[in-house]
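Novice: Build me a model:
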Amino acid sequence: MQERSFSREAVQDRLREIRENIAEACDKYRSDDNVGIMAVTKTVPPEVVNWVFDMGLDLLGENRVQEFQSKKDIYLPQARVHFIGHLQTNKVKYIINDMDMIQSVDSIRLGQEIDRLAAANNRIMDILCEVNIGGEESKDGVAPEELKGLLDELSALEHINIRGLMTIPPPSDSDIFLGRMAELYGSLKDEYGMDTLSMGMTHDYVQAVRHGSTLVRIGSGLFGARIYP
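Specialist: Numbers count the residues shown, from 1 in each chain. This is a model prediction of the structure:
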């Protein structure tokens, strides 16, 4: 299997380009530039991830509990970490004290377990609700028509704080579904006091910014393409 290689200079150049593209999209399509950049660290060694802190980036996105556990002690202390992958209820206990936010909440059962463990650890956990905006069977997330009911149920829990919504749209019609997600977020954000719309990845982050994303999640576009066996 070919081994993946990393270059600090290449990461810095990619980040500069990402920032320039976001700034251009904000100037062209928005009245604000409130867009955060998350470095998605899946399959990236922690020593490489740590480069981004010198580049002014401190927000990391973790997809897998086990992988995060193997890396967390090597990350620099200023790291802010969000969990963005599918999260099983029996794995919440392993990350409850390490995450600044859990973005992939898509059921009341998961929300209740986060709430229970947050209470036991004397904290409030920020969460996003993951929405399956394209209705894809292969993806997690609550159906758009069921989102409001889930938000109502989650709002009753005392140790979680609903910050907003997250989605991964179908890549073939990304622009259409990003627009639908923006409309859905806009219709609910004031009612639930939300301030975060997490959408946009390496292939569609510019379109996501155009549609109002406040947080883009960049992995291969920052660290380079993954190599699979």
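Novice: separation between the residue most central in space within the chain and residue 50?
Specialist: Against the mean C-alpha coordinate of the chain, by C-alpha atoms, centre = their mean, the closest residue is residue 84 at 4.8 Å. As judged by C-beta to C-beta, to the nearest Å, residue 84 and residue 50 stand 19 Å apart. C-betas here are computed from N, CA, C, even on glycine.
Novice: do the same with residue 82
Specialist: From residue 82 to residue 50 the distance is 17 Å (C-beta to C-beta).
Novice: higher neighbour count, the two?
Specialist: More crowded of residue 82 and residue 50, by other C-beta atoms under 10 Å: residue 82, with 23 against 16.
Novice: quick check, residue 13 in a helix?
Specialist: Yes: counting by DSSP: H, G, I helix; E, B strand; the rest coil, residue 13 is part of a helix.
Novice: Renumber starting at 257 from here on
Specialist: With 257 as the first residue, the last one maps to residue 269.
Novice: how much space between it and residue 319?
Specialist: For residue 269, the distance to residue 319 - C-beta to C-beta - is 24 Å.
Novice: Compare those two and say which is more crowded by neighbours.
Specialist: The residue with more neighbours, out of residue 269 and residue 319, is residue 319; 18 against 11, by other C-beta under 10 Å.
Novice: which residues sit against stretch 394-407?
Specialist: 342, 360, 362-364, 367, 385-389, 391, 418, 421, 423-424, 436, 440, 444, 448 (C-beta atoms under 8 Å, 6 or more residues apart in numbering).
Novice: ends of that stretch, how far apart?
Specialist: Taking C-alpha to C-alpha, to the nearest Å, the first and last residues of stretch 394-407 lie 23 Å apart.
Novice: if we can go back for a sec, from the contacts of stretch 394-407, list just the buried residues.
Specialist: 342, 360, 362-364, 367, 385-389, 418, 421, 423-424, 436, 440, 444, 448 (16 or more other C-beta atoms under 10 Å).
Novice: Among those, which are located in helices?
Specialist: 364, 367, 436, 440, 444, 448 (DSSP state H).
Novice: Can you lay out these as TSV showing distance to residue 294?
Specialist: Below are these laid out as TSV (distance: C-beta to C-beta, whole Å):
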residue	distance to residue 294
364	26
367	22
436	22
440	21
444	22
448	22
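Novice: For stretch 330-348, which outside residues touch it?
Specialist: Residues contacting stretch 330-348 (C-beta under 8 Å, 6+ apart): 294, 296, 302-303, 305-306, 309, 314-321, 324, 328, 351, 354-361, 365-366, 369-370, 373, 396, 422, 454, 473.
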